[in-house]
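In: pasting the sequence and the predicted model now:
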Amino acid sequence: MDASALQKSRRRANPSKKPKGNPNKRPKTDEPREQNRNQGKAPAAAAVPLAPVAPLSIPVPSDSMRFADLKNLLDPLLLKTITDDLKFDHMMPVQEATLHELLEKRIDCLAQAKTGTGKTIAFLLPAIQTLINKNKPRGSGISLLVISPTRELAMQIAKEASNLLQRLPQFRVSIAIGGTNKDKEERDILRGDGCDILIATPGRLYDHLGNQQITQSFRNLDTLVLDEADRLLDMGFMEDLKKIIRCLPDKEQSKRQGMLFSATIAPHVQQFAHLVLASGYKFISTIPAGEAQIHQRVPQLLVTVESWAQVVPAMVASIQSECKLIGPAEFKAIVFAPTAALADFYHDVLSNIPGLPYASALHARVSQSRRTKVTNEFREASSAILVATDVVARGLDFPGVSNVFQVGLPADKESYIHRLGRTARAGKEGRSVFIVTEPESFFPRHVLKAISFETANPDFASVAPQVEAIVNKYEAKGKTYQAWLGFYKAHARAMRWTDDQLVAEANKFAIEALGCGEIPGLERKTVGKMGLKGARGLNIVANLPQKSGGGRGAGGGRAKGPAAK
Ligand SMILES: Nc1ncnc2c1ncn2[C@@H]1O[C@H](COP(=O)(O)OP(=O)(O)OP(=O)(O)O)[C@@H](O)[C@H]1O
């Protein structure tokens, strides 16, 4: 593909502009809410055909180029780290396809490669080599800026960069992520002669750019990378990203190298690539035209249930059946839920089912220290269950994930692919189960029509009484109902539901799946925020009790606005 042809509408960012307003008045989390994420997007069912989606994983090919073949382009210490410390011998396809040109010609590129196939090394190596080649005096500022959509991914990239620099301790890596002490982070970025590499999430990075000293430290920026580029260039992050780029030196004058990497490249990426890449950038995909879009080695099971009440029993029965198949000692699973409240709900149920591995929950409403602890524990675990939202859908490299479960709709097709990509990484095996109700079945049927699902029928009837007993004791029913309503409101058009039908389905979910004795209450302002003013069937109350969990019969929960991930 001729990238320059896609660049006609290229607009130059104005480098003189500084952040407007008080940057401290930002939401506490970097991950945009589900609602923001869907803003300006067609509903999933009506989505335009997407660019080729990556197969999920392939083994490291033994006939590919070796890292040693790059000895004329790579610093000997860096090469030794790759071959002797990290024990990487042959390159993954994306590394073979990009590294030579990225290193030798410092081209700008948009690169697409399958999940779990080594994209991180593909962008870090050339950027670190540039840092070494430039040989600038200490205190020259940040050479490489990598922007990541989530905090966990930023931390993982920083770790990988530090691993690559283990024989080059003169270079320093810092992070700028939300949910942590900003002043401490600022001191770390500016400490001594400053850092050489900064890995950041957009919101927090923009906050830091309110500090002139930090803005100044980008004056000699050599490389700018967007990992998970399609996510960063969608509506949820676009404004922050544009503002950040305006604070950086002019791309043309600075001659910095730009790189965009992702497993999925939706059409909007090429529309906005000019924000980071020069007009002559190269599009490199390791997916040959016409190749099957999903890796055939990963069995993808589809469970379709008739009612909302069957979803949780089907989840439990599927997990039990896969756990038995894999063996409890090796069963390491991620269960994806649509919202934070549903993740908490599923986590509560799974924690109370005897015989399953330890389960933990992870989403944007968990404190950052807890998020880091849960992520690290899951990374280390040989057998565990992580119930999460899309905060772990992209980029995270948890070793040995045997299974991915998706319970309910993903936000879009890309989300399905990235979630699935948490298993079967770097040539390993993996299995996937997708659980939907009848009204959601348009998604596997139409949005994911290129995927051949195997139908599965877990024996959920036998676990239903056990699940019911657990659910009856669950306290946060009102919150779960509200989150459900918020999430499915965003998908109502794709489900062909009117607002009245949406509320009727939500009420069925409350009564049948959550076991509520009455429809949980919602405050009028919450109903307004959800865009459900005038919808029939809601239980509108003046004020919700601040601490009510809304258990059976309580019919309430805390009103906190639309559900976050
Ligand atoms: N040449 C190589 N040989 C063996 N293993 C490698 C090689 N390159 C990378 N890896 C390993 O492969 C795993 C997946 O790499 P990475 O996380 O970079 O994948 P990714 O393509 O960025 O995935 P995603 O699309 O999910 O972000 C990591 O554990 C990494 O250390």
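Out: Ah, there it is.
In: from here on, contacts and neighbour counts on C-alpha atoms
Out: Will do.
In: enumerate the residues of the stretch 301-450 of the chain near the ligand.
Out: Within the stretch 301-450 of the chain, the positions near the ligand by CA under 6 Å from any ligand atom are Arg394, Gly395, Leu396, Asp397, Gly421, Arg425, Ala426.
In: which SS state does Arg138 fall under?
Out: coil (DSSP: H, G, I helix; E, B strand; the rest coil).
In: wait, what's in contact with it?
Out: Contacts of Arg138 were listed using CA atoms under 8 Å, 6 or more residues apart in numbering, and they are Asp193.
In: go with 10 Å
Out: Gln170, Phe171, Gly192, Asp193, Gly194, Cys195, Asp196 (CA atoms under 10 Å, 6 or more residues apart in numbering).
In: what do you get for Glu104?
Out: With CA under 10 Å, 6+ apart, Glu104 has these contacts: Leu70, Asn72, Leu73, Leu74, Pro126.
In: looking at those, spot the one nearest the ligand.
Out: Closest approach between these and the ligand, by CA to the nearest ligand atom: Leu70, at 12.8 Å.
In: ok, the closest one touching Thr83?
Out: No: using CA atoms under 10 Å, Leu70 is not in contact with Thr83; the gap is 11.6 Å.
In: just to be sure, Ile142 is in a strand?
Out: No: Ile142 sits outside any strand when classified using three-state DSSP, being coil.
In: and the closest residue to it other than its chain neighbours, what's its pLDDT?
Out: Sequence neighbours aside, Asp196 is the residue nearest to Ile142 in space, at 4.4 Å (criterion: CA to CA, 6 or more residues apart in numbering). Per-residue pLDDT puts Asp196 at 98.
In: give me the number of residues near Asp196?
Out: 24 (other CA atoms under 10 Å).
In: got a list of what it touches?
Out: Going by CA under 10 Å, 6+ apart, the list of residues near Asp196 reads 128, 131, 138-145, 170-174, 189, 217-218, 221.
In: kindly report the same for Arg219.
Out: Counted by CA under 10 Å, 6+ apart, Arg219 has contacts Ser140, Gly141, Ile142, Ser143, Cys247, Leu248, Pro249, Asp250, Ser254.
In: pull out the buried residues from the residues you listed.
Out: Neighbour counting with 16 or more other CA atoms under 10 Å marks Ser140, Gly141, Ile142, Ser143, Cys247, Leu248, Pro249, Asp250 as buried within the contacts of Arg219.
In: show me where the stretch 51-200 of the chain has its strands.
Out: In the stretch 51-200 of the chain, the strands defined using DSSP state E, counting those that start in this stretch lie at 109-112, 144-147, 173-176, 197-200.
In: with the stretch 401-550 of the chain instead?
Out: Counting by DSSP E, counting those that start in this stretch, the strands of the stretch 401-550 of the chain are 403-407, 431-437, 454-455, 521-523, 539-541.
In: right, and Gly408 touches Phe336 too?
Out: Yes: the criterion here is CA under 10 Å, and Gly408 meets it with Phe336 at 8.3 Å.
In: shared neighbours, these two?
Out: Joint contacts of Gly408 and Phe336 (CA under 10 Å, 6+ apart) are Leu342, Phe434.
In: when those two are compared, which one has more neighbours?
Out: Higher neighbour count among Gly408 and Phe336: Phe336, with 29 against 21, using other CA under 10 Å.
In: surely the more buried one touches Val392?
Out: Yes: if you go by CA under 10 Å, Phe336 and Val392 touch, sitting 8.9 Å apart.
In: mutual contacts of those two, please.
Out: By CA under 10 Å, 6+ apart, the residues touching both Phe336 and Val392 are Leu362, Leu386, Arg419.
In: host element of whichever residue of the stretch 301-450 of the chain sits closest to the ligand?
Out: Residue nearest to the ligand within the stretch 301-450 of the chain: Gly395 (3.1 Å; CA to the nearest ligand atom). In the assignment (DSSP states H and E), Gly395 maps to no helix and no strand.
In: okay, the residue lying closest to it once chain neighbours are set aside: pLDDT?
Out: In space, and not counting its chain neighbours, Gly395 is closest to Leu153: 6.1 Å by CA to CA, 6+ apart. With respect to pLDDT, Leu153 scores 97.
In: from what I can see Leu153 touches Val391, true?
Out: Yes: judged on CA under 10 Å, Leu153 makes contact with Val391 at a distance of 8.9 Å.
In: of these two, who's got more company?
Out: The residue with more neighbours, out of Leu153 and Val391, is Leu153; 25 against 22, by other CA under 10 Å.
In: relative to Ser452, how far out is the more buried one?
Out: 30 Å (CA to CA, to the nearest Å).
In: give the contact list for Pro439.
Out: For Pro439, the contacting residues are Thr304, Val305, Glu306, Ser307, Trp308, Ala494, Met495, Arg496, Trp497, Glu505, by CA under 10 Å, 6+ apart.
In: near the ligand, which residues of this structure show up?
Out: Residues of the chain lying near the ligand (CA under 6 Å from any ligand atom): 60, 88, 90-92, 114-121, 263, 394-397, 421, 425-426.
In: go with 8 Å
Out: Neighbours of the ligand within the chain, by CA under 8 Å from any ligand atom: 60, 67, 86-92, 95, 113-122, 160, 227-228, 262-263, 394-399, 418, 421-422, 425-426.
In: I'd like to know which of these are buried.
Out: Buried among the residues of the chain next to the ligand (16+ other CA under 10 Å): 60, 67, 88-92, 95, 113-122, 227-228, 262-263, 394-399, 418, 421-422, 425-426.
In: wait, Ala176 touches Arg151, no?
Out: Yes: the pair Ala176 / Arg151 is scored as a contact, 8.6 Å apart, by CA under 10 Å.
In: got any residues that touch both of the two?
Out: Here Ala176 and Arg151 have Ile199, Ala200, Thr201, Pro202, Arg204 as joint contacts, going by CA under 10 Å, 6+ apart.
In: how much space separates the third one from Ile128?
Out: When you say that, I think you mean Thr201. Note on Thr201: its distance to Ile128, by CA to CA, is 20 Å.
In: again with the first one
Out: If you measure Ile199 against Ile128 using CA to CA, the figure is 13 Å.
In: which residues are in contact with each of those two?
Out: The contact sets of Ile199 and Ile128 overlap at Leu144, Ala161 (CA under 10 Å, 6+ apart).
In: strands of the stretch 251-400 of the chain, residue ranges please.
Out: With DSSP E, counting those that start in this stretch as the criterion, the stretch 251-400 of the chain has strands spanning 257-262, 282-285, 300-305, 332-336, 359-362, 384-388.
In: low-confidence stretches in the stretch 451-565 of the chain?
Out: 546-565 (pLDDT under 70).
In: find the closest residue to the ligand in it.
Out: Ile451 (18.5 Å).
In: isn't that residue right up against Tyr416?
Out: No: contact criterion CA under 10 Å: Ile451 and Tyr416 do not qualify, at 11.1 Å.
In: in the sheet, who's paired with Ala200?
Out: Note on Ala200: beta-bridge partners Ile147, Ala176, judged by DSSP bridges.
In: you'd agree it is up against Thr150?
Out: Yes: checked against CA under 10 Å, the pair Ala200 and Thr150 is within contact range at 8.7 Å.
In: anything in contact with each of these two?
Out: Common contacts of Ala200 and Thr150, defined by CA under 10 Å, 6+ apart, comprise Ile177, Gly178.
In: more neighbours: which of Ile451 and Tyr416?
Out: Each of Ile451 and Tyr416 has its neighbours counted (other CA under 10 Å); Tyr416 has more, 19 against 16.
In: could you report the neighbour count for the nearest residue to that one once chain neighbours are set aside?
Out: Closest residue to Tyr416 apart from its sequence neighbours, by CA to CA, 6+ apart: Pro410 at 5.8 Å. Using other CA under 10 Å, Pro410 is surrounded by 21 other residues.
In: and the pLDDT for Pro410?
Out: Per the predicted model, pLDDT is 96 at Pro410.
In: and Val436, how far from Ile319?
Out: For Val436 relative to Ile319 (CA to CA), the value is 15 Å.
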